[in-house]
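*Asks:* Generate coordinates for the sequence data below:
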Amino acid sequence: MNDQFRSQFPALARLHQGKSLLYFDGPAGTQAPQSVIDAVSDYYKTCNANTHGAFLTTHESDDMIHHTREAAAALLGAEGGHTISFGQNMTTLNFSLSRAIGRVLQPGDEVLITQLDHEANRGPWLALREQGIVVREIKLRMDGTLNLEDLEAKLNHRTRLVAMGYASNIFGTVNDVAHARRLTYEVGAWLLVDAVHYAPHFPVDVQALGCDFLLCSAYKFYGPHVGLLYSKPGLLDRLPTDRLRTAYQHAPYSIETGTLNHAAIAGVKAAIDFIASQGKGDSLRDRLLSAYGIIGAHEAALAKLLYSGLSAIPAISVKGPGIQAPMRAPTFSFTLTGKRPEAVCEHLAARNIFAWDGHFYAIRATEVMGLLEQGGVTRVGVVAYNTREEVELLLSALDELG
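*Replies:* Okay, here's the model as predicted:
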């Protein structure tokens, strides 16, 4: 990605003690381009109104939300805006969804979760054990990949839902969700996909995938903190969600509690439009697919450089799949002999390099991999605005420790 692309992110121009900031914290959330910032600001300046009224600004709010649903549908390859619900974040939406699904399950029904997932796609389902639902785990291999044979062995006629991530936010693992979908079809189970860490890097096509539910978060793809839920047409209408009698009782509204964050939703559409502006095509979907191709190639080149550099430092042990994996998110977690992850991050922070330490809410995976007691791992990741020069500076700073 060129300088013109980077110039659209005000945060990238910020200096600290006269030096640039290097953002390798993208796996926890990206910076926002000016167009997203303007969309949020402009909504407050011109149209801060609630919905479904008779006057101008409420009509404008209705139109904005409608067009954002349509844009999100284009982003996810969905059937239309009527399949897209908004929420405070992915975790809140998933808790709401799990409670609704729990009301249509019976004691003894089974839900499968994974040892690899973020707690946002584990905790809501584990809570169903309180009502007699059997929640079982798909095992994690020590290379940071899921044991799909274990998934196949645990699926049975009592399985009602499989909840799994598309990409791991700690190891960068991309799961074979299409294979999981084929297996769940055989037993008639629903498939819920957490695409929070996948959607910033790869195009999503919910119709081709055939998933029943998919969740993602706009703050991971250059937007505000808003959660998005895709529900297969007609499915959300069948679920007894927590909702007021005064609320719309059908999708996509039936899981949206209270007044939404309208200004942030305006920013979501701007973020989708921003991604699309990097591509070419006649439709928004075409431009998005084109843009993902360009962004993906850029990120893949940086990921290869970063992985090779990390692997060349003797003291560093990279966790998760290697760069030769058929598909991998550009996110890398590692340990460094003799240094706790927080000390590594402090060393980097002193050089204006932003990275994270810990378990990143993938705490079960960190336990299984035997990493929790030592403070987890150090995590770095690249997104579209990172550069080769930044990667080289990061590697140089880490080499000082190794």
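*Asks:* mind giving me the domain split of the chain?
*Replies:* 3-31+294-399, 38-276 (automatic domain parsing).
*Asks:* quick one, which of those is nearest to residue 287?
*Replies:* Among the domains of the chain, the nearest to residue 287 by CB to CB is domain 38-276 (4.0 Å). In short, each C-beta sits where N, CA and C put it, glycine included.
*Asks:* hey, where'd the helices end up in the stretch 101-250 of the chain?
*Replies:* 123-126, 148-154, 177-187, 206-209 (DSSP state H, counting those that start in this stretch).
*Asks:* right, so the ones you listed: which one is the most enclosed?
*Replies:* helix 123-126 (a mean of 20; mean count of other CB atoms under 10 Å).
*Asks:* what packs against it?
*Replies:* helix 90-102, strand 110-114 (3 or more CB pairs under 8 Å, 6 or more residues apart in numbering; DSSP states H and E).
*Asks:* How far does the longest one sit from its chain's centre?
*Replies:* Relative to its parent chain, helix 90-102 has a centroid offset of 16 Å by CA atoms, centre = their mean, to the nearest Å.
*Asks:* Give the rounded mean pLDDT of that helix.
*Replies:* Across helix 90-102, pLDDT averages out at 98.
*Asks:* Check stretch 8-27 too.
*Replies:* 97.
*Asks:* can you point me to the longest helix in the protein?
*Replies:* helix 284-311 (DSSP state H).
*Asks:* Give the buried residues for that helix.
*Replies:* 284-285, 287-292, 294-296, 298-299, 302-303, 305-307, 309-310 (16 or more other CB atoms under 10 Å).
*Asks:* So for this protein, the centremost residue is which one?
*Replies:* Centroid-nearest residue in the chain, with CA atoms, centre = their mean: residue 196, separated by 1.2 Å.
*Asks:* Quick check, pLDDT for it.
*Replies:* 98.
*Asks:* I'd like to know the beta-bridge partner residues of the residue lying closest to it once chain neighbours are set aside.
*Replies:* Leaving aside its chain neighbours, residue 196 sits nearest to residue 217 (4.8 Å; criterion: CB to CB, 6 or more residues apart in numbering). Beta-bridge pairing of residue 217 under DSSP bridges involves residue 227.
*Asks:* residues contacting residue 217?
*Replies:* Contact partners of residue 217, counting by CB atoms under 8 Å, 6 or more residues apart in numbering, are 89-90, 196, 199, 225-228.
*Asks:* before we move on, what about residue 73?
*Replies:* Contacts of residue 73 by CB under 8 Å, 6+ apart are 79-81, 83-84.
*Asks:* circling back to that earlier point, how about the helices of the stretch 101-250 of the chain, which one is nearest residue 321?
*Replies:* So among the helices of the stretch 101-250 of the chain, helix 148-154 is nearest, using CB to CB, at 13.8 Å.
*Asks:* helices or strands up against the closest one?
*Replies:* So helix 148-154, by 3+ CB pairs under 8 Å, 6+ apart, packs with strand 134-138, helix 177-187.
*Asks:* List the contacts of stretch 30-47.
*Replies:* By CB under 8 Å, 6+ apart, the list of residues contacting stretch 30-47 reads 8-12, 23, 57, 60-61, 64, 200, 219-224, 262-264, 266-267, 269-271, 273-274, 383, 385.
*Asks:* What residues sit buried inside that stretch?
*Replies:* 30-33, 36-37, 39-40, 43, 47.
*Asks:* quick one: which of these is nearest residue 279?
*Replies:* residue 33 (15.0 Å).
*Asks:* Contacts only, for the residue lying closest to that closest one once chain neighbours are set aside.
*Replies:* Nearest residue to residue 33 in three dimensions, chain neighbours excluded: residue 8, at 4.3 Å (CB to CB, 6+ apart). Neighbouring residues of residue 8 by CB under 8 Å, 6+ apart: 33-35, 274.
*Asks:* Format these as CSV; extra columns: secondary structure and pLDDT.
*Replies:* Converted to CSV, the contacts of residue 8 look like this (DSSP: H, G, I helix; E, B strand; the rest coil; pLDDT from 0 to 100):
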residue, secondary structure, pLDDT
33, coil, 98
34, helix, 98
35, helix, 98
274, helix, 98
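*Asks:* Now for those: which two are most distant?
*Replies:* 34 and 274 (9.2 Å).
*Asks:* Residue 168 versus the residue nearest to the centre of the chain, what's the distance?
*Replies:* Residue 196 sits at a distance of 10 Å from residue 168 (criterion: CB to CB, to the nearest Å).
*Asks:* Can you mark which positions in the worst-scoring helix or strand of the chain on mean pLDDT are buried?
*Replies:* One helix or strand of the chain scores below all others by mean pLDDT, DSSP states H and E: helix 3-6, with a mean of 92. For helix 3-6, a neighbour-count test (16+ other CB under 10 Å) marks residue 5 as buried.
*Asks:* now for that helix, which elements pack on it?
*Replies:* By 3+ CB pairs under 8 Å, 6+ apart, helix 3-6 packs against no helix or strand.
*Asks:* what's the nearest residue to residue 117 if we skip its chain neighbours?
*Replies:* In space, residue 117 is closest to residue 165, 4.7 Å off (CB to CB, 6+ apart).
*Asks:* give the contact list for the one you found.
*Replies:* 114, 116-118, 121, 175, 193-198.
*Asks:* on that earlier part again, tell me the buried residues within the contacts of residue 217.
*Replies:* 89-90, 196, 199, 226-228.
*Asks:* what's the most distant pair in the residues you listed?
*Replies:* Top of the distance list for these (CB to CB): 89 and 199, 14.0 Å.
*Asks:* Over to residue 266: give its phi and psi.
*Replies:* phi -60, psi -40 (degrees, to the nearest 10).
*Asks:* Next, count neighbours for it.
*Replies:* Using other CB atoms under 10 Å, residue 266 has 27 neighbouring residues.
*Asks:* What of residue 121?
*Replies:* Residue 121: 24 neighbours (other CB under 10 Å).
*Asks:* dump the residue contacts of the nearest residue to it once chain neighbours are set aside.
*Replies:* Leaving aside its chain neighbours, residue 121 sits nearest to residue 194 (4.2 Å; criterion: CB to CB, 6+ apart). Applying CB under 8 Å, 6+ apart, we find residue 194 in contact with 90, 94, 117-118, 120-121, 163-166, 214-216.
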